[in-house]
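In: Prediction below, plus the sequence it came from.
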Amino acid sequence: MDSRVVKAVTFRVGAFRRRIAWVFGLQFLIVAIVCILGIYNIVPTVVVIAVIVLTTAIAWFATRREWRPVRALARLVNRWDGQQFDPESLHLDQMSTHTDADVASLARGLHGFATRIANYNQRERNFTRDASHELRSPLTVIKMSVDMLAEEEGISDFGARSVRRIKRAAREMEVLVEALLILARESDSATDHERFIANDVLRREMESARELLTGRPIELLLEEPARFALEGSAQAFSVLCWQLIRNACQQTEQGSVVVSVLPGVVSVSNHADPHIPGDSSRPLRVHGVDRHGFELAIAQRISDRFGWPLELQTRVGQENIARIRFPHPLPVETIASA
C-alpha cells in the first residue's frame, strides 16, 4: 500500500468501533427519550413509532457507510486470481485514505501473504524449468550413445542387458523431464488447447513401453471399445498415461497390464503381488503416498493441472486399477473434419 495511506490510518486505530458505538449509542438514547415521552403522553404514539423507524434507518445507513471499506477490500480480494504472479493485481492502492487502521492492517497482511506465495511459486517454476532444460542435453547424449552401442557387433549378453537398462532409464528420465516442464509451464498456453485423438497418443506410448519391457514376463494389452478426442495438451496426456503404465508395470512381476479406452475414460489395470495387502473396492486419492510411487504423484499433479480426475482402486483379487476421467471428451469426427 501507499505510504500516505499508512500514515493516514495510523491515528485511526479502533475508529470503526468508536463510530459504530456512537451510532448505536445515539440511536438508543433517542429511542429511550421518545419512548419516555410517549409513555407520559407528551408526544403521540404515531410520532414515537415514526422516530423509532427513522432512527433505525439512519443507524442502518450509517453502519453500512462505515462497513464500506471492508466491503471494498472483500471485492478486491474476490477479484484477485490466485494463479496470477503479480500481487499488485489485488489493487490494494485503490482503497480509500479514510480506511480504518484495522482494515488497512488486514489489507497489508493480505498483500504480504500474496507476495510471498507469488515469489515462492515463481521460484519453484523457475527452478523446475531451468533444471529440466539443463537435463535435456545430457539425456540426448546418453540416448545417442546407447543407440550407437546397441549397434555394436559382438556385444555380450551382459552388455546387451546393460544397454537395455540404460535405455529404459533414459526413457524414464526423459518422460520425467517432460512432466516437470509441463508443470513449470504457464497455464493457458497455446499447447493446452490443441485437439488430438486420445487412442492414437495412447497407442504410441504403449509401443514405447513394450520396447522397455523386452525381457520381462509382462504382457501389455490395449482394449479399445471406444475412441474419443480431447482438447488440451497432447504431451500432458502422453506423460500422464506413461506414468500410469510405468507404475502398473513396476507393480507387476509377472502377468499382464491392460489399458482400456472407454467413452471419456482411460483405465490401466494390473494384478499386484498377492503378498501386498489390498484395500476394499473404493477410490483412493493420491498425494504422494510411498505405496503408490513417485509416478502416481506426478500423474496426480498433471491431472489436477488439466482437470482430468484420477482415481485408484484395489479390487478383490489384488487387481489395481488407475482410472482417468475426462469431463469433456470430443467425437473423433471433430479431429477428422479439422
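Out: All right, it came through fine. None of the values given here were measured: they were computed from a predicted structure.

In: Would you double-check that residue 257 falls in a helix?
Out: No - under DSSP: H, G, I helix; E, B strand; the rest coil, residue 257 falls outside any helix and is assigned strand.

In: measure it to residue 229 for me?
Out: Here the criterion is CB to CB, to the nearest Å. By it, residue 257 lies 24 Å from residue 229. In short, each C-beta sits where N, CA and C put it, glycine included.

In: out of the two, which sits in the more crowded spot?
Out: The residue with more neighbours, out of residue 257 and residue 229, is residue 257; 25 against 20, by other CB atoms under 10 Å.

In: Now do the contacts for that one.
Out: 218-221, 245, 248-249, 268-270 (CB atoms under 8 Å, 6 or more residues apart in numbering).

In: Mind checking which of those residues land in strands?
Out: When these are checked against strands (DSSP state E), the matches are 218-221, 268-270.

In: Can you select the buried ones from the residues you listed in ChimeraX?
Out: The ChimeraX selection below is limited to those of the ones in strands among the contacts of residue 257 classed as buried (16 or more other CB atoms under 10 Å):
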select :218,220,268,269,270
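
In: so, if you compare the ones in strands among the contacts of residue 257, which one comes nearest to residue 211?
Out: Residue 211 lies nearest to residue 220 out of the ones in strands among the contacts of residue 257, by CB to CB, at 10.4 Å.

In: Quick check: that closest one touching residue 213?
Out: Yes - counting by CB atoms under 8 Å, residue 220 does reach residue 213; the two are 6.2 Å apart.

In: Adding pLDDT and distance to residue 262, write the ones in strands among the contacts of residue 257 out as a markdown table.
Out: Below are the ones in strands among the contacts of residue 257 laid out as a markdown table (pLDDT from 0 to 100; distance: CB to CB, whole Å):
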| residue | pLDDT | distance to residue 262 |
| --- | --- | --- |
| 218 | 84 | 23 |
| 219 | 85 | 20 |
| 220 | 87 | 18 |
| 221 | 89 | 15 |
| 268 | 91 | 12 |
| 269 | 89 | 12 |
| 270 | 84 | 17 |
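
In: Flag every buried residue along stretch 156-170.
Out: Buried residues in stretch 156-170, counted by 16+ other CB under 10 Å: 163-164, 166-168, 170.

In: Out of these, which is nearest to residue 34?
Out: The closest of the buried residues of stretch 156-170, once distances to residue 34 are taken by CB to CB, is residue 170, at 87.8 Å.

In: Roughly how far does that closest one sit from residue 177?
Out: 10 Å.

In: Now list whatever residues contact both of those two.
Out: Overlap of the contact sets of residue 170 and residue 177 (by CB under 8 Å, 6+ apart) consists of residue 139.

In: now the buried residues of stretch 156-170 in JSON lines, with pLDDT?
Out: Shown next, in JSON lines, are the buried residues of stretch 156-170 (pLDDT from 0 to 100):
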{"residue": "163", "pLDDT": "84"}
{"residue": "164", "pLDDT": "81"}
{"residue": "166", "pLDDT": "86"}
{"residue": "167", "pLDDT": "82"}
{"residue": "168", "pLDDT": "79"}
{"residue": "170", "pLDDT": "83"}
